[in-house]
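> Here is a sequence with its predicted model. Questions after.
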Amino acid sequence: MTSLAISGVRVWDGESEERSIEPLTIRIEGERITAIGSAPELRADAEVLSFDAATALPGLIDAHVHFCIDPGIRTPEAQDEVPFEERERAMEARALAMAQAGITTARDLGGGAWREIALRDRIAAGQIPGPRILCAGQPLTTMRGHCWFWGGEAVGEAEIRAVIARQVERRADWIKVMATGGITTKGTNPGDAQFEAAELRLAVAEAERHDRPVAAHCHGTEGIRRAAQAGVRTIEHCSFAGGEGFGSGLDPEVVRSIAQGGAWVSPTVNAGWKRFLDPEPRLAAFGARMSEVLQSLRSEGVGLIASTDAGIPNVAHDRLPEALAVFAALAKLSNRDALRSATSESARALGIEATTGALRPGLAADILVVDGDPLRDLAALQRPLLVVARGRRVPAAD
Ligand SMILES: [Zn+2]
């Protein structure tokens with residue numbers, strides 16, 4: 001077993017108020033952290049990587065990505081025209097770029113052919129570098145509903161059960177359900193609910209029977225209400241889309257019901273949302289509405305987790321470090337809380353807190369070392385010096 005020692009780093013463990021006061025050493029044996037401290041023995045018989053004025057923090061978690069989608073291609077039809085081999089290589093390149101950016105865990109919330117599950121397995125087997133991946137396979141959707149082209153259409157109870165069983169058989173870790181229409185699927189409306197409340201309850205119960213948590217795609221308020229009441233574990237987007245667009249359907253009662261149900265919200269704020277912090281009135285109005293949504297969720301105690309929806313047009317897979325600052329600005333999170341939303345809090349939401357999301361002996365060695373102090377300035381996240389994913393050094397970007 002190889003031993004690695006990351007030395008001379010101020011450690012932020014993913015939870016604490018501050019970094020360690022002293023520079024410390026993180027000792028890694030195989031895939032795990034075995035010790036964190038200042039004793040010189042922690043460096044004995046190990047490959048030592050020494051730093052100065054650097055911070056070690058848990059590798060980041062992007063709670064909503066799509067490995068199979070090329071963000072440079074606008075339509076699902078055009079995605080399918082890319083030759084199979086080329087798509088495979090592109091997915092591997094995305095995984096590598098994410099790991100190089102410090103993203104050591106990602107939840108993939110949908111594709112049509114389970115190729116992201118094969119990618120997950122190749123990375124887990126150590127064949128190629130990349131983040132730990134949790135997969136949902138084909139999202140459950142209605143007839144010609146959001147992302148129907150991925151193969152998860154279901155009408156009635158028997159088909160809902162069959163679609164879920166198929167994902168479990170393909171070894172998906174999560175079940176994704178499209179509780180409203182979406183922007184990218186022609187003929188659907190983001191504001192409209194898909195599935196009746198009873199159907200969503202059935203989907204959650206069925207997923208639970210297979211020991212799988214549920215992530216619900218939700219833009220419109222009624223879809224959010226139904227998903228929250230059905231007991232899904234994470235609500236994606238949560239845009240409160242109403243008559244006047246995103247955020248205009250904000251309903252305090254629905255926010256309370258999310259809090260009561262204990263779901264986390266994964267608002268998919270990508271780096272491009274920087275434009276909504278702009279003073280231009282139309283852009284600023286959108287930013288202000290989404291900011292109100294996020295603050296309203298926080299004030300009721302709803303947990304927020306960082307996510308980008310990487311893969312959708314113009315959202316590259318490796319930009320969570322940049323997106324986190326935009327998320328913090330919109331949700332009015334302190335830098336520390338923004339970092340928690342991408343580490344320890346996200347790990348809890350995803351049910352992997354006994355594996356990753358913090359720097360602690362016994363947990364996976366998923367470690368990001370950056371130049372500077374991200375608790376003072378999130379821009380430090382964009383200066384990665386070293387990434388270790390499950391004990392393996394990720395090859396540096398060119
Ligand atoms: Zn998505």
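Received it, and whenever you're ready, just let me know what you need. A quick note: this is a predicted structure, and the numbers were derived from the prediction, not measured.

> and the helix or strand hosting H237 with the ion, contact?
In this assignment (DSSP states H and E), H237 forms part of strand 234-241. No - judged by Cβ under 5 Å from the ion, strand 234-241 and the ion are separated, with a smallest distance of 6.5 Å. All C-beta atoms are positioned from the backbone trio N, CA, C, and that covers glycine.

> can you dump the C-alpha coordinates of the next helix-or-strand element following that strand into PDB?
Sequence-wise, the next helix or strand downstream of strand 234-241 (DSSP H and E) is helix 252-261. Extracted C-alpha coordinates of helix 252-261, given in PDB (Å, rounded to 0.1, in the frame of the first residue of the first chain):
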ATOM      1  CA  PRO A 252     -43.900  30.500   1.600                       C
ATOM      2  CA  GLU A 253     -46.300  27.500   2.300                       C
ATOM      3  CA  VAL A 254     -44.400  25.300  -0.200                       C
ATOM      4  CA  VAL A 255     -41.100  26.500   1.200                       C
ATOM      5  CA  ARG A 256     -42.300  25.300   4.700                       C
ATOM      6  CA  SER A 257     -43.400  22.000   3.300                       C
ATOM      7  CA  ILE A 258     -39.900  21.400   1.800                       C
ATOM      8  CA  ALA A 259     -38.500  22.200   5.300                       C
ATOM      9  CA  GLN A 260     -41.000  19.800   7.000                       C
ATOM     10  CA  GLY A 261     -40.300  17.000   4.500                       C
END
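
> Centre of the chain to helix 252-261, how far?
Distance of helix 252-261 from its chain centroid, counting by Cα atoms, centre = their mean, to the nearest Å, is 22 Å.

> shouldn't L283 be in contact with R275?
Yes - at 5.4 Å, L283 counts as touching R275 under the criterion of Cβ atoms under 8 Å.

> per-residue confidence at the spatially closest residue to R383 that is not a sequence neighbour?
Once flanking residues are discounted, R383 sits nearest to D371: 4.0 Å by Cβ to Cβ, 6 or more residues apart in numbering. D371 carries a pLDDT value of 98.

> For D371, which residues are in contact?
By Cβ atoms under 8 Å, 6 or more residues apart in numbering, D371 lies in contact with 53-54, 380, 383-385.

> run the last query once more with 6 Å
54, 383, 385 (Cβ atoms under 6 Å, 6 or more residues apart in numbering).

> For the closest residue to the ion within the stretch 201-350 of the chain, which non-adjacent residue is spatially closest?
Scanning the stretch 201-350 of the chain for the residue nearest the ion gives D309, at 4.5 Å (criterion: Cβ to the ion). Closest residue to D309 apart from its sequence neighbours, by Cβ to Cβ, 6+ apart: T268 at 4.0 Å.

> residues near that neighbour, how many?
25 (other Cβ atoms under 10 Å).

> Okay, and it sits in which element?
Counting by DSSP H and E, T268 is found in no helix or strand.

> related to what we said a few turns ago, packing partners for the strand holding H237?
With contacts taken as 3 or more Cβ pairs under 6 Å, 6 or more residues apart in numbering; DSSP states H and E, strand 234-241 sits against strand 214-220, strand 264-266.

> Send over stretch 11-31 as PDB, restricted to the C-alpha atoms.
In PDB, the C-alpha atoms belonging to stretch 11-31 read as follows (Å, rounded to 0.1, in the frame of the first residue of the first chain):
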ATOM      1  CA  VAL A  11      -6.500  22.200   7.000                       C
ATOM      2  CA  TRP A  12     -10.200  23.100   6.700                       C
ATOM      3  CA  ASP A  13     -12.100  19.900   7.500                       C
ATOM      4  CA  GLY A  14     -15.300  20.700   5.700                       C
ATOM      5  CA  GLU A  15     -17.200  21.600   8.900                       C
ATOM      6  CA  SER A  16     -15.200  23.900  11.200                       C
ATOM      7  CA  GLU A  17     -15.500  27.600  11.600                       C
ATOM      8  CA  GLU A  18     -11.800  28.100  10.600                       C
ATOM      9  CA  ARG A  19      -8.800  26.400   9.100                       C
ATOM     10  CA  SER A  20      -6.200  24.800  11.500                       C
ATOM     11  CA  ILE A  21      -4.000  27.500  13.000                       C
ATOM     12  CA  GLU A  22      -0.900  25.500  12.400                       C
ATOM     13  CA  PRO A  23       0.300  23.900   9.100                       C
ATOM     14  CA  LEU A  24      -0.400  20.200   9.400                       C
ATOM     15  CA  THR A  25       0.300  16.900   7.700                       C
ATOM     16  CA  ILE A  26      -2.400  14.700   6.200                       C
ATOM     17  CA  ARG A  27      -1.400  11.100   6.100                       C
ATOM     18  CA  ILE A  28      -2.900   8.800   3.500                       C
ATOM     19  CA  GLU A  29      -2.700   5.000   3.300                       C
ATOM     20  CA  GLY A  30      -4.200   3.500   0.100                       C
ATOM     21  CA  GLU A  31      -7.600   5.200  -0.400                       C
END
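
> List the buried residues in that stretch.
Within stretch 11-31, the residues that count as buried by 16 or more other Cβ atoms under 10 Å are 11-15, 19-20, 23-28, 31.

> nearest to the ion, of the residues you listed?
Among the buried residues of stretch 11-31, and counting by Cβ to the ion, the member closest to the ion is G14, at 25.0 Å.

> does that closest one sit in a helix, a strand or a coil?
Three-state call for G14 (DSSP: H, G, I helix; E, B strand; the rest coil): coil.

> you'd agree it is up against A342?
No - between G14 and A342 there is no contact under Cβ atoms under 6 Å: 9.3 Å.

> Report the angle between the lengthiest helix in the chain and strand 234-241.
Counting residues, the longest helix in the chain under DSSP state H turns out to be helix 281-299. Between helix 281-299 and strand 234-241, the angle comes out at 140 degrees (axes from the mean of the first three to the mean of the last three Cα atoms, to 10 degrees).

> then stretch 35-50 to CSV, C-alphas only?
Extracted in CSV, the C-alpha atoms of stretch 35-50 (Å, rounded to 0.1, in the frame of the first residue of the first chain):
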residue,chain,number,x,y,z
ALA,A,35,-4.2,10.7,10.4
ILE,A,36,-4.1,14.5,10.4
GLY,A,37,-1.7,16.3,12.8
SER,A,38,1.7,18.0,13.3
ALA,A,39,3.8,15.0,14.4
PRO,A,40,6.9,14.5,12.2
GLU,A,41,6.1,10.7,12.2
LEU,A,42,3.2,11.4,9.9
ARG,A,43,5.7,11.9,7.1
ALA,A,44,7.7,8.8,7.8
ASP,A,45,8.0,6.2,5.0
ALA,A,46,5.7,8.2,2.8
GLU,A,47,5.9,10.2,-0.4
VAL,A,48,5.8,13.7,1.0
LEU,A,49,4.2,16.6,-0.9
SER,A,50,5.1,19.8,0.8
